[in-house]
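Trainee: coordinates only, no sequence provided:
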């Protein structure tokens, strides 16, 4: 029992744009329709994480992978770029994580994720397809009140294949303030959760999302420029329903409103050369996961 509680505490570190380490395995599907926009977005995703206990109290190594297939369908046939190179993208991260206890009740979590993000039209990988991601966080759990636990996470996150390709602060303060209510305030996600019962939960949330990928062979834009990168970034918020089949198997259904959604084609120097019209406000996601 103590091992399970310790392991659960170690695995609470999560990042919205990346896989959740609390998920041992999961599959999910995301859909943004092309209503009021020029592009439809779908993403199918699968991940697996495996914790390995190391010598030394509370030390763990994590190994895993996170794979996504992203499909873009363009509605406007008169868009001034080669759409054949911009339909399908493969994103794969290999996860290597490490955590250990520190003094005064703090815990260190470090994660390194080498991977690829590519449209793979050349049928072979290039150096430009390789991406790197990394996170470092410090976690402290407060047990002053048994019925109202709280937790603080602070750190830094960086990824070359998410929607925001620059270092982001990771700040998360969680507190259960009533028997059926809890909140999490921070970056890159914030939520308010209501526990209807042991099996049913509702959650109001806000988050950052998106992806960035290399475009092999480039995509000709306006007959003059060549797009070598594609970037989609969004900020949304909405409602999530959770159904807990068991303590470890869970289904999440999410509907959100996109407050900000940007699709950009960029050159090799990360300069924007074309912005794809996207005023779609709908965001739908379904996820089945097995967790600690």
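Mentor: Happy to help now that I have it. These figures come from a predicted structure and were not determined experimentally. Residues are numbered from 1 along each chain as shown.

Trainee: so which residues of the protein form helices?
Mentor: Defined through DSSP state H, the helices belonging to the chain, from first to last, are 2-10.

Trainee: which strands and helices sit next to the longest strand anywhere in it?
Mentor: What stands out as the longest strand in the chain, according to DSSP state E, is strand 200-221. With contacts defined as 3 or more C-beta pairs under 8 Å, 6 or more residues apart in numbering; DSSP states H and E, the secondary structure elements packing on strand 200-221 are strand 60-74, strand 88-101, strand 106-118, strand 189-195, strand 225-244, strand 249-266. All C-beta atoms are positioned from the backbone trio N, CA, C, and that covers glycine.

Trainee: if you count neighbours, what's buried in that strand?
Mentor: When burial is assessed from 16 or more other C-beta atoms under 10 Å, strand 200-221 yields the following buried residues: 201, 203, 205-216, 218-219, 221.

Trainee: how far does that strand sit from its chain's centre?
Mentor: Between the mean C-alpha location of strand 200-221 and the chain-wide mean there is a distance of 8 Å, by C-alpha atoms, centre = their mean, to the nearest Å.

Trainee: can you check stretch 254-267 too?
Mentor: From the chain centre to the centre of stretch 254-267 is a distance of 14 Å (C-alpha atoms, centre = their mean).

Trainee: wait, residue 109 touches residue 137, no?
Mentor: Yes: applying C-beta atoms under 8 Å, one finds residue 109 in contact with residue 137, separated by 4.6 Å.

Trainee: and residue 208, what pLDDT?
Mentor: At residue 208 the predicted local distance difference test score is 89.

Trainee: and the residue nearest to it when sequence neighbours are not counted, its phi and psi?
Mentor: With C-beta to C-beta, 6 or more residues apart in numbering as the measure, residue 188 is the residue that lies nearest to residue 208, at 4.2 Å, once sequence neighbours are left out. In this entry, residue 188 is assigned phi and psi values of phi -100, psi 10 (degrees, to the nearest 10).

Trainee: ok, how many other residues are close to residue 188?
Mentor: Residue 188: 22 surrounding residues under other C-beta atoms under 10 Å.

Trainee: distance-wise, check it relative to residue 240.
Mentor: Separation of residue 188 from residue 240 (C-beta to C-beta, to the nearest Å): 15 Å.

Trainee: before we move on, what about residue 90?
Mentor: According to C-beta to C-beta, residue 90 and residue 240 sit 27 Å apart.

Trainee: with residue 132 instead?
Mentor: When distance is defined by C-beta to C-beta, residue 132 is 30 Å away from residue 240.

Trainee: likewise residue 52?
Mentor: When C-beta to C-beta is applied, the distance between residue 52 and residue 240 equals 31 Å.

Trainee: so what touches stretch 98-109?
Mentor: Residues outside stretch 98-109 that contact it (C-beta atoms under 8 Å, 6 or more residues apart in numbering): 9-10, 13, 56-62, 97, 110-111, 135-141, 155.

Trainee: can you rerun that using 10 Å?
Mentor: By C-beta atoms under 10 Å, 6 or more residues apart in numbering, the surrounding residues in contact with stretch 98-109 are 6, 9-13, 21, 51-52, 54, 56-62, 97, 110-112, 135-143, 152-155, 170.

Trainee: now it: average pLDDT?
Mentor: So the average pLDDT for stretch 98-109 ends up being 93.

Trainee: tell me which residues touch residue 286, please.
Mentor: Neighbour list for residue 286: 27, 28, 29, 30, 31, 251, 252, 253, 254 [criterion: C-beta under 10 Å, 6+ apart].

Trainee: where does it land on pLDDT?
Mentor: We have a pLDDT of 98 for residue 286.
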